[in-house]
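Trainee: Sharing a model prediction with you, sequence too.
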Amino acid sequence: MGVTGDTVEAIRLKLDIADVVSDYVPNLQRSGKNLKGLCPFHNEKTPSFIVSPERQTFHCFGCGEGGDAFSFVMKAENLTFPEAIEKLAAKTGVPLVQTEKKDRNYEEKMGLKAILDFASSFYHSQLLLSSAADPARRYLANRKVSKESLERFQLGFVPDSSVFLEEARKKGFSEARLLAAGVAVKINGRLRPSFFGRILFPIRDSKGGVVGFGGRVLNSEIQPKYLNSAESLLFSKSRILYGVFEGLSSIRSNREIILMEGYLDVLMAHQYGIESAVAPLGTAITSEHAKTIKRYGAKTVIAFDPDSAGRTAALRSAEILLPEDIDVRVAVLPQDKDPDEILIEKGAAAFKTLLDKALDPAAFKTEILLSGEKGPLSSSKKSEVAHEVFALISKTSDEVLRSDWLRSLSQRLQISEDSLRMEFKKEADKKFRFRRPYESSDRKGDLKTSPAKVEASPFERQVLCLMMKNPSLASIAEETHFRSPDAKATWQALLTVEPHVPGWPARLLENAGPAKPLASELLMIADSMEGEDPQQELNRIFTRRRLEERLRELEGRIHSQQEGELHPDLRLEYQKVLCELKGSR
């Protein structure tokens, strides 16, 4: 369901973008009338991220991201616009007034949410109070799960009885809805609770809403060991990461994600103070996960189980994260210890040391490939290993990383660095040459993958900045003043705003369309311009532009005529325009 435009405006007027951004960007520093900090959307050491409390906008001069509070939250939390409205409405206390137009799935989603919330609460009570949950409580106690962790993650237990279904019917939940929510199944025509006999892990979205469950068996004879909810309108395994909601604050402040394999690994990491730990839901990392991770954290350390399957999964995950330009490393854990065992036996400090010593993906893959080798490597083995690692190195478009990883590989294999680089280039060129036209390239600069550049001439930038000081001045410009599409679109967006209405910069960005990055950047530049009267300066610039165009026209006519044929009036006008140009500086 949508919300009314008045509701959106009410939320916008009550928001303070500095307050919103400070939840995600720690240590924002005052810089004149603006705020400056490290950008949450790309990895940087020198702050280039600017927040303007006056205009209620943000812009990063490093990566080009910009917008208002709504677009910031959408980017920071991977939300849709309606989801961002809902979140910010809760923050500001503005009631959501719905429009008549509804999302066709809205009622269904609300019904599923109600059932999942009820199931989570019911099964959590069962774990804490029911005698049927004694084996589950003993298992969790043996795994050293604290009572605080049980409460924080709202773990539950599903008894093999009809109690839940009876209570659900009393609440008015239909059989069809229970089946659709994945909390009930039909076995031999009989309705039974899903996950019966399992410890239940509620899975939450980034806003904290329960969207599904993961269940772990207590009886080792039952397979599979872990079972997740089926895909639904709310639940998608390929997008959701377990622990993101619980760890959101830590992920934002540390700008790091620890990627683990299972529910208990994440829960125990949080219990020991490593609260940026998350895990995929019993499946491999997907490109959707990678996009989510990129939005949430600048760095990722993979800490999977040290067995063969875990190492393979760690490498596969790294290869999926690298194309997203995520700073990824892989922790090398002791062969006989899973992450939760290290935490319990050695403590958080020892585990953090392993994370700090994590290898880059190329080094990790090299060590795996060489793990069974004894004695000096043959030339053919070196070549084999090198080409295997080349495949991983080519996943990143960062030339600095490629260079560094190739240097380390040459040292590890005791191969000439120049020879290794030549072979890597030959391999890369071969793949590029035989790539089909519709396949994208990992190479930097490839037209299919490079972000579109923001194009605008110095003249266009100066004019637009002055107009942003006073948007009503946009009407004195003409379309012919703007040649680049982005500059023209920004000017047209300026014509649509009402500068006397609070929050006009946000509406400017909404109306700029594809030119939003340019509009966002110029808003910040205009904010720093002082001491100029925008109207006088624009008049001076346009006058000078008109004189320059007339001078070029006169020069063309003069050059096309013979010396004796030059009309005196033409020479006189040329000299006059030249003098006016000198006076307009």
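Mentor: Nice, thanks for sending it over. Numbering: from 1, shown residues only.

Trainee: Can you tell me, leaving aside adjacent residues, what's nearest to the residue most central in space within the chain?
Mentor: Centroid-nearest residue in the chain: residue 295, 1.7 Å away (criterion: Cα atoms, centre = their mean). Spatially, and ignoring its direct neighbours in sequence, residue 295 is nearest to residue 78 (4.9 Å; Cβ to Cβ, 6 or more residues apart in numbering). In this view, the C-beta of every residue, glycine as well, is placed from N, C-alpha and C.

Trainee: I'd say the one you found and residue 205 touch.
Mentor: No - look at residue 78 against residue 205 with Cβ atoms under 8 Å: they stay out of range, at 9.8 Å.

Trainee: Distance check, residue 560 against residue 79.
Mentor: In this view, residue 560 and residue 79 are 62 Å apart by Cβ to Cβ, to the nearest Å.

Trainee: what's the spacing between residue 330 and residue 322?
Mentor: 11 Å.

Trainee: Neighbour count: the two, which is higher?
Mentor: residue 330 (26 against 23; other Cβ atoms under 10 Å).

Trainee: give the contact list for the nearest residue to the more buried one once chain neighbours are set aside.
Mentor: Sequence neighbours aside, residue 364 is the residue nearest to residue 330 in space, at 4.1 Å (criterion: Cβ to Cβ, 6+ apart). Shown in contact with residue 364 (Cβ atoms under 8 Å, 6 or more residues apart in numbering): 314, 315, 318, 329, 330, 332.

Trainee: Same list (these) but as a markdown table, adding secondary structure and pLDDT.
Mentor: What follows is those, written out as a markdown table (DSSP: H, G, I helix; E, B strand; the rest coil; pLDDT from 0 to 100):
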| residue | secondary structure | pLDDT |
| --- | --- | --- |
| 314 | helix | 94 |
| 315 | helix | 94 |
| 318 | helix | 95 |
| 329 | strand | 97 |
| 330 | strand | 97 |
| 332 | coil | 95 |
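
Trainee: I'd like to know which of the residues you listed are buried.
Mentor: By neighbour count, with 16 or more other Cβ atoms under 10 Å, those hold 314, 315, 318, 329, 330, 332 as buried.

Trainee: phi, psi of the last one?
Mentor: Yep, that's residue 332 we're talking about. phi -100, psi 110 (degrees, to the nearest 10).

Trainee: Report the separation between it and residue 368.
Mentor: Distance, residue 332 to residue 368, by Cβ to Cβ: 10 Å.

Trainee: any common contacting residues for the two?
Mentor: With Cβ under 8 Å, 6+ apart as the test, residue 332 and residue 368 reach no residue in common.

Trainee: Pick out whichever of the buried ones among the contacts of residue 364 sits closest to residue 528.
Mentor: residue 329 (37.9 Å; Cβ to Cβ).

Trainee: quick one: low-confidence ranges for the stretch 1-150 of the chain?
Mentor: Scanning the stretch 1-150 of the chain with the threshold set as pLDDT under 70 gives 1-2, 98-104.

Trainee: repeat that with 80
Mentor: Flagging of the stretch 1-150 of the chain using pLDDT under 80 yields the residue ranges 1-6, 26, 43, 78, 97-104, 106.

Trainee: per-residue confidence averaged over stretch 361-372?
Mentor: Averaged over stretch 361-372, pLDDT sits at 94.

Trainee: what's the residue lying closest to residue 234 once chain neighbours are set aside in contact with, if anything?
Mentor: Nearest residue to residue 234, sequence neighbours excluded (Cβ to Cβ, 6+ apart): residue 211, at 4.2 Å. By Cβ under 8 Å, 6+ apart, residue 211 lies in contact with 116, 203, 204, 205, 229, 232, 234, 235, 240.

Trainee: same thing but 7 Å
Mentor: Each residue near residue 211 by Cβ atoms under 7 Å, 6 or more residues apart in numbering is listed here: 116, 203, 204, 205, 234, 235, 240.

Trainee: pLDDT wise, what is the fourth one at?
Mentor: Pointing back at residue 205 there. pLDDT, residue 205: 90.

Trainee: Just give the nearest non-adjacent residue to it, would you?
Mentor: Leaving aside its chain neighbours, residue 205 sits nearest to residue 211 (5.1 Å; criterion: Cβ to Cβ, 6+ apart).

Trainee: Break the protein into its domains for me.
Mentor: As assigned by automatic domain parsing, the chain contains the domains 5-92, 106-228, 237-358, 361-451, 458-532, 539-583.
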